[in-house]
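Trainee: After the sequence you'll find the predicted model.
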Amino acid sequence: MSTRIVGDNGETYYSTTTFRAFNAALDQWEVISVEKGKGLQDFGTGHREPGKCSLSRSSA
């Protein structure tokens, strides 16, 4: 998944790519975000419980 924040004239202010994968052995989602030219930005894990979904992330 790519995220891009743009200005009123279409100029890019920020861009990042996020990779997500489900780890069945640990029953959780694993998330990593990278930014061009800067590498790994943060990583996290996600869990789904009845009625809610939670995500914990930390900076690299």
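Mentor: Good, I have the coordinates. All values derive from a computational prediction rather than experimental measurement. Numbers count the residues shown, from 1 in each chain.

Trainee: which SS state does Ser15 fall under?
Mentor: Per DSSP: H, G, I helix; E, B strand; the rest coil, the local secondary structure of Ser15 is strand.

Trainee: Can you tell me how far it is from Ile32?
Mentor: Note on Ser15: its distance to Ile32, by C-beta to C-beta, to the nearest Å, is 16 Å. For glycine as for every other residue, the C-beta is placed from the backbone atoms N, C-alpha and C.

Trainee: Neighbour count: the two, which is higher?
Mentor: Neighbour tally, Ser15 and Ile32, criterion other C-beta atoms under 10 Å: the higher count belongs to Ile32, 16 against 12.

Trainee: ok, and for the helix or strand hosting the more buried one, which residues are buried?
Mentor: Taking DSSP states H and E as the criterion, Ile32 maps to strand 28-35. Buried residues in strand 28-35, defined by neighbour count with 16 or more other C-beta atoms under 10 Å: Gln28, Trp29, Val31, Ile32, Ser33, Val34.

Trainee: contacting residues for Gln28?
Mentor: Phe22, Thr45, Gly46, His47 (C-beta atoms under 8 Å, 6 or more residues apart in numbering).

Trainee: Spatially, which residue comes closest to the second one, not counting chain neighbours?
Mentor: It refers to Thr45. Gln28 (4.9 Å; C-beta to C-beta, 6 or more residues apart in numbering).

Trainee: same check, this time on the first one
Mentor: Spatial nearest neighbour of Phe22, chain neighbours left out: Trp29 (5.5 Å); criterion: C-beta to C-beta, 6+ apart.

Trainee: related to what we said a few turns ago, dig out what the residue nearest to Thr45 forms beta bridges with.
Mentor: Here Gln28 sits in beta bridges with Asn23, going by DSSP bridges.

Trainee: Let me see the confidence value for it.
Mentor: At Gln28, the pLDDT value in this model is 89.

Trainee: Isn't the residue nearest to Phe22 up against Thr18?
Mentor: No: contact criterion C-beta atoms under 8 Å: Trp29 and Thr18 do not qualify, at 11.0 Å.
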